[in-house]
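Chemist: Sequence and computational prediction follow.
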Number of protein chains: 2
Amino acid sequence: MEQVTNKQIVLKHYVNGFPKETDMLLNDSSTINLNLPHGSSNAVLVKNLYLSCDPYMRARMSPSIGSYIDSFTLGSPLSGYGVAKVIDSGHSNFKKGDFVWGGTGWEEYSIINAPETLFKIEHTDVPLSYYSGILGMHGMTAYAGFYEVCAPKKGEYVFVSAAVGAVGQLVGQFAKLSGCYVVGSAGTKEKVDLLKNKFGFDEAFNYKEEQDLDAALKRYFPNGIDIYFDNVGGKMLEAVLSNIRLHGRIAACGMVSQYNLEQWEGVRNLSHIITKSVRMQGFVVTRYYHMYPKYLEMIIPLIKQGKIIYIEDIAEGLESAPAALVGLYSGKNVGKQVVVVARE
Amino acid sequence: MEQVTNKQIVLKHYVNGFPKETDMLLNDSSTINLNLPHGSSNAVLVKNLYLSCDPYMRARMSPSIGSYIDSFTLGSPLSGYGVAKVIDSGHSNFKKGDFVWGGTGWEEYSIINAPETLFKIEHTDVPLSYYSGILGMHGMTAYAGFYEVCAPKKGEYVFVSAAVGAVGQLVGQFAKLSGCYVVGSAGTKEKVDLLKNKFGFDEAFNYKEEQDLDAALKRYFPNGIDIYFDNVGGKMLEAVLSNIRLHGRIAACGMVSQYNLEQWEGVRNLSHIITKSVRMQGFVVTRYYHMYPKYLEMIIPLIKQGKIIYIEDIAEGLESAPAALVGLYSGKNVGKQVVVVARE
């Protein structure tokens, strides 16, 4: 029985307003046995390699969120999406040495009691970290959200907020592949440059430099917006509604502008939904996971041919995870925020 | 050439806040020739019989609405949906004596320059006034909005606001015919009684007597709401979002609670659209008019068999039209508000 230290990132207390690094702590006194107990049916023991930092995790740092996911348990490691290697397996679908992605803990090793929720990684000729983003939940979110929820047509006008984020950067590139005109918003000049010069958006702007979001959108979309992929909610959503076209579609994916507010901002112009026959559609990516093989078939060649660009912001070491997570809410990360726990 | 007086209801000035009777005036100095000029291609001259008073008309009383319909022209008769009789026709589809419904003027006689937008009335064994409501635009709104937009399933929980209105009363009855559980809200005890005792809603409540709409909805929907047919917007929409179920659907049909406000109320909890995978869909009924024959085939037998109840609030005479229209916004009408200009 090999017993080792299992460092963990633990939530100290529930959070009000913006989360801080000090809301979490590194627990280095926990240990784990690297063999599953005999007869531990179904469970899988994994070594965590890459962890994904995601805006939605803020909701789980509040005591009660009335949502589709639970709050984190105080004193226990946080959890989220990640890439891991199987160390020991009590489940017939997984064997030692397999790489997997899915829900795991913010710790060095995790026991996954419902490994049916894990995806086995079959293609290892792309960076493994990609399965914590473009080849995992985020890629599927962009794929299902854009192609299924937004139902794009060639020539349509597409707007993406938080466009350098894990999902946004992909949505914009999918829109270009679909023959759409696409504009992205982001919060720094560096990100705006990336959108235009690296990700191939037609235009991009820094929302922090715009006094009047409605005027900004009118400048970039003189004919209005057909599709809005909404990662931020709030005032930007309001500005989009004022510029939406007949039969416009809004994929409601995230509302990161609101997560840390005591009182959420109200959206006052929902009447455009009626007068423009708009469809605003929330979606949860898990409902589309049956399309994952089809997605991989599309995306892996595009990555290899350089037709899809993907940018990660890599934080080294589990210790860096709290700062990486907190940085999301001030827009510090450039690209998909990943924490490396171990490289294999 | 028979020249007659043509009384008209004219908009005097654009309106701020709640409309008043004095925003309109009766013009009795206009005249009209009861024969179309020779060679007046396509136009149809009609005698107006029944006019429909509708909440959406408030938007047209403002100077600029940025909407799918234009503002009323000052000094000209208002326009809206109505039932009329053809007096003279320059269009091959219509002949003298035909009954029609569609867009017409708030006056005794109107020249319709685009009669392709009119529907010829084929079934006259039901009250003609019904074509200004249940057998016209409002019926189609309820039909398309409920069956097409909401996509109901047997056993689902349905909530309808402004439920005694022309559209609401029908939606509730369609929901019952579909095997749903349906609750309606209205603004007086009399209307609540009608909903429960006449229209067959499972439950109904007076929203004006509820301090806390969220608590009221939790009382009537302990398991949450699958379908919300929204005629009012604002705070009720917010309360519904807090009680919506996974994969809930919201048909955005009207926002009468907001039309007279200087500053529209903000809806602060749109995040439920994401977390519950909600579809909120605006729609404009004209897009569904191809289904009108199918609708009539369904609804006329139901009316004749007494399986669908329809209540009109009839105002007598064109003179009464301003008061009838204004009354909508204080909820004075009980049932679909109709103005009788003439009976044939």
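Modeler: Good, I have the coordinates.
Chemist: which residue packs closest to the residue in chain A positioned nearest to chain B, ignoring adjacent ones?
Modeler: Chain B sits closest to residue A:266 of chain A, with a gap of 1.5 Å, by C-beta to the nearest C-beta. To be clear about C-beta, it is placed using only N, CA and C from the backbone, and glycine gets the same treatment. Computed as C-beta to C-beta, 6 or more residues apart in numbering or on different chains, the closest residue to residue A:266 that is not its neighbour in sequence is residue B:266, at 1.5 Å.
Chemist: so residue A:250, which of the three states?
Modeler: The local conformation at residue A:250, judged by DSSP: H, G, I helix; E, B strand; the rest coil, is strand.
Chemist: That one contacts residue A:281, doesn't it?
Modeler: Yes - taking contact to mean C-beta atoms under 8 Å, the distance of 7.0 Å between residue A:250 and residue A:281 places them in contact.
Chemist: Please enumerate the helices of the stretch 201-344 of chain A.
Modeler: Using DSSP state H, counting those that start in this stretch, the helices found in the stretch 201-344 of chain A span residues A:213-220, A:234-241, A:271-275, A:292-304, A:321-327.
Chemist: Dump the ones you listed to TSV, plus mean neighbour count.
Modeler: Supplementary listing: the helices of the stretch 201-344 of chain A in TSV, determined by neighbours: other C-beta atoms under 10 Å in any protein chain shown:
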stretch	mean neighbour count
helix A:213-220	17
helix A:234-241	22
helix A:271-275	22
helix A:292-304	15
helix A:321-327	22
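Chemist: To residue B:170, which of those helices lies closest?
Modeler: Taking C-beta to C-beta as the criterion, residue B:170 comes closest to helix A:271-275 out of the helices of the stretch 201-344 of chain A, the separation being 18.0 Å.
Chemist: Residues in contact with stretch A:201-211: which ones?
Modeler: Applying C-beta atoms under 8 Å, 6 or more residues apart in numbering or on different chains, the external contacts of stretch A:201-211 come out as A:160-161, A:163, A:172, A:176, A:181-189, A:191-192, A:195-196, A:213, A:216, A:220, A:236.
Chemist: quick one: average confidence on that stretch?
Modeler: Mean pLDDT, taken over the full extent of stretch A:201-211, equals 97.
Chemist: What are the buried residues along that stretch?
Modeler: A:201, A:202, A:203, A:204, A:205, A:206, A:207, A:210 (16 or more other C-beta atoms under 10 Å in any protein chain shown).
Chemist: ok, the residue of chain A closest to chain B touching residue B:270?
Modeler: No - under the criterion of C-beta under 8 Å, residue A:266 makes no contact with residue B:270, lying 9.1 Å away.
Chemist: Show me which of those two is the more surrounded one.
Modeler: Of the pair residue A:266 and residue B:270, residue B:270 is the one with more neighbours under other C-beta atoms under 10 Å in any protein chain shown, namely 27 against 17.
Chemist: Let me see the contact set for the more buried one.
Modeler: A:233, A:237, A:252, A:255, A:267, B:241.
Chemist: I'd like the distance between the second one and residue A:224.
Modeler: For residue A:237, the distance to residue A:224 (C-beta to C-beta, to the nearest Å) stands at 15 Å.
Chemist: what does residue A:90 give?
Modeler: As judged by C-beta to C-beta, residue A:90 and residue A:224 stand 55 Å apart.
Chemist: domains of chain A?
Modeler: A:3-133+A:311-340, A:137-286 (automatic domain parsing).
Chemist: residues from chain A in reach of chain B?
Modeler: For chain A, the contact set with chain B under C-beta under 8 Å from any C-beta of the partner chain comprises A:66-68, A:233, A:237, A:242, A:246, A:252-255, A:258, A:263-284, A:287.
Chemist: same thing but at 6 Å, please
Modeler: Remark: the part of chain A in contact with chain B comprises A:67-68, A:252, A:255, A:264, A:266-268, A:270-271, A:273-275, A:277-284, using C-beta under 6 Å from any C-beta of the partner chain.
Chemist: Buried subset of those residues, written for PyMOL?
Modeler: Selection of buried members from the residues of chain A next to chain B for PyMOL, criterion 16+ other C-beta under 10 Å:
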select buried, chain A and resi 67+252+255+264+266+267+268+270+271+273+274+275+277+278+279+280+281+282+283+284
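Chemist: which ones among the residues of chain A next to chain B are found in strands?
Modeler: Judged by DSSP state E, the residues of chain A next to chain B include A:252, A:279, A:280, A:281, A:282 as members of strands.
Chemist: if you average pLDDT over stretch A:289-300, what comes out?
Modeler: 97.
Chemist: what residues does it touch?
Modeler: When contacts are defined by C-beta atoms under 6 Å, 6 or more residues apart in numbering or on different chains, stretch A:289-300 is touched by residues A:123, A:143.
Chemist: what do you get if the cut-off is 8 Å, keeping everything else the same?
Modeler: In contact with stretch A:289-300 (C-beta under 8 Å, 6+ apart) are residues A:119, A:123, A:126, A:134, A:135, A:139, A:140, A:143, A:144, A:148, A:308.
Chemist: Also stretch A:181-189?
Modeler: By C-beta under 8 Å, 6+ apart, the surrounding residues in contact with stretch A:181-189 are A:155-164, A:168, A:172, A:175-176, A:192, A:194-195, A:199, A:201-208, A:220-221, A:236, A:331, A:334.
Chemist: now the strands for the stretch 101-250 of chain A?
Modeler: Along the stretch 101-250 of chain A, the stretches classed as strands by DSSP state E, counting those that start in this stretch are A:109-112, A:119-120, A:157-160, A:181-186, A:203-206, A:225-230, A:244-252.
Chemist: Of those strands, flag the one that's most buried.
Modeler: For these, the largest average neighbour count (mean count of other C-beta atoms under 10 Å in any protein chain shown) is found in strand A:157-160, namely a mean of 29.
Chemist: Distance-wise, check residue A:140 relative to residue A:339.
Modeler: According to C-beta to C-beta, residue A:140 stands 20 Å off from residue A:339.
Chemist: repeat for residue A:31
Modeler: Between residue A:31 and residue A:339 the distance, using C-beta to C-beta, works out to 21 Å.
Chemist: So those two - more neighbours on which side?
Modeler: When neighbours are counted by other C-beta under 10 Å, residue A:339 comes out ahead of the other of residue A:31 and residue A:339, with 29 against 10.
Chemist: quick one: the more buried one and residue A:321 touch, right?
Modeler: Yes - counting by C-beta under 8 Å, residue A:339 sits close enough to residue A:321 to count as a contact (4.5 Å).
Chemist: what sits in contact with each of the two?
Modeler: With contacts taken as C-beta under 8 Å, 6+ apart, the residues that reach both residue A:339 and residue A:321 are A:51, A:53, A:315.
Chemist: Can you tell me which of those residues lies closest to residue B:21?
Modeler: The nearest member of those to residue B:21, counting by C-beta to C-beta, is residue A:53 at 60.6 Å.
Chemist: residues contacting the closest one?
Modeler: Shown in contact with residue A:53 (C-beta under 8 Å, 6+ apart): A:80, A:315, A:321, A:324, A:325, A:327, A:328, A:333, A:337, A:338, A:339.
Chemist: Would you mind giving those as JSON lines with pLDDT added?
Modeler: Output for those, formatted as JSON lines (pLDDT from 0 to 100):
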{"residue": "A:80", "pLDDT": "96"}
{"residue": "A:315", "pLDDT": "97"}
{"residue": "A:321", "pLDDT": "98"}
{"residue": "A:324", "pLDDT": "97"}
{"residue": "A:325", "pLDDT": "97"}
{"residue": "A:327", "pLDDT": "95"}
{"residue": "A:328", "pLDDT": "92"}
{"residue": "A:333", "pLDDT": "90"}
{"residue": "A:337", "pLDDT": "96"}
{"residue": "A:338", "pLDDT": "97"}
{"residue": "A:339", "pLDDT": "98"}
